[in-house]
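Undergrad: only geometry, no sequence info:
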């Protein structure tokens, strides 16, 4: 499974999962500063560089270091993070981990980044986002299995429309073949119980919010 780590310009969070030598690392504009703080040199730098404000000679220096630099105009239809996610998909990454994609000064960007979790799911990829306390991911017409080591809260919300055939197993509160609408809170505040658990949806998508890291999760498609 090929993984991609995308460094964004939002709030810094602890790196909860180790970056391997075969993983692709993309810095989205100001996310380059975040990567540098972590002692990580990205494979690719993308964006309009309005946050970085790099001079041409600085960009050339990055290229000399072996970093692929892809500059976009400031007036564009996509955020820098969306460009990075699409690039990860083009490079056949199965798992995409967004770091620094929450918080910061731009709540609109954070909301857009949550939407990108769904975009990745539409392409059959699994994307994760950390906010410093919780992890977020989207599952589309499939299931997600959590390792017994997970602890704390888990919440499930319909995303992008109603979700049909929603089931939750192995958690404190079970749910079987339910319908979740985006404007109800039925799936909020469930709890891990110290054993393997599973959340599944037959039609539609679920936004999953909980205390887990990608290594504790496996994603399997239907049929159940």
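TA: It's in. Values in this document were obtained by computation on a predicted structure and should not be read as measured data. Numbers count the residues shown, from 1 in each chain.
Undergrad: Show me what the most centrally placed residue in the chain bridges to in the sheet.
TA: The structure's the chain has its C-alpha centroid closest to residue 128; by C-alpha atoms, centre = their mean the separation is 2.5 Å. Beta-bridge partners for residue 128, by DSSP bridges, are residue 97, residue 137.
Undergrad: ok, so what distance separates it from residue 89?
TA: 14 Å (C-beta to C-beta, to the nearest Å). All C-beta atoms are positioned from the backbone trio N, CA, C, and that covers glycine.
Undergrad: Next: residue 30.
TA: Applying C-beta to C-beta to residue 30 and residue 89 gives a distance of 22 Å.
Undergrad: Now do the end-to-end distance for stretch 208-221.
TA: Using C-alpha to C-alpha, to the nearest Å, one end of stretch 208-221 lies 16 Å from the other.
Undergrad: Tell me which residues of it come out buried.
TA: By neighbour count with 16 or more other C-beta atoms under 10 Å, stretch 208-221 contains the buried residues 208-212, 214, 216-217, 219.
Undergrad: Dump the residues you listed to a markdown table, plus pLDDT, secondary structure and distance to residue 115.
TA: Formatted as a markdown table, the buried residues of stretch 208-221 follow (pLDDT from 0 to 100; DSSP: H, G, I helix; E, B strand; the rest coil; distance: C-beta to C-beta, whole Å):
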| residue | pLDDT | secondary structure | distance to residue 115 |
| --- | --- | --- | --- |
| 208 | 97 | strand | 15 |
| 209 | 96 | strand | 15 |
| 210 | 95 | strand | 19 |
| 211 | 92 | coil | 22 |
| 212 | 92 | coil | 21 |
| 214 | 89 | helix | 19 |
| 216 | 91 | helix | 24 |
| 217 | 93 | strand | 20 |
| 219 | 88 | strand | 19 |
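Undergrad: And those residues, which is closest to residue 5?
TA: Nearest to residue 5 among those: residue 214, at 10.4 Å, using C-beta to C-beta.
Undergrad: follow-up on the earlier one: which of the buried residues of stretch 208-221 lies closest to residue 3?
TA: Among these, and counting by C-beta to C-beta, the member closest to residue 3 is residue 214, at 8.0 Å.
Undergrad: these two touch, right, residue 65 and residue 41?
TA: Yes. The criterion here is C-beta atoms under 8 Å, and residue 65 meets it with residue 41 at 6.8 Å.
Undergrad: list the contacts for residue 118?
TA: Residue 118 sits next to 138, 140, 159-160, 205, 207 when contact means C-beta atoms under 8 Å, 6 or more residues apart in numbering.
Undergrad: same thing but at 6 Å, please
TA: Shown in contact with residue 118 (C-beta atoms under 6 Å, 6 or more residues apart in numbering): 138, 159-160, 205.
Undergrad: can you list the weak-confidence ranges in the protein?
TA: 54-56, 104, 222-224 (pLDDT under 70).
Undergrad: for it, what spans make up the helices?
TA: With helices called from DSSP state H, the chain shows them at 31-37, 56-64, 80-90, 107-122.
Undergrad: Of those, which stretch is the most buried?
TA: helix 80-90 (a mean of 22; mean count of other C-beta atoms under 10 Å).
Undergrad: Now do it: everything it contacts.
TA: 4, 6, 8, 26, 28-29, 46-47, 96, 113, 116, 123, 125.
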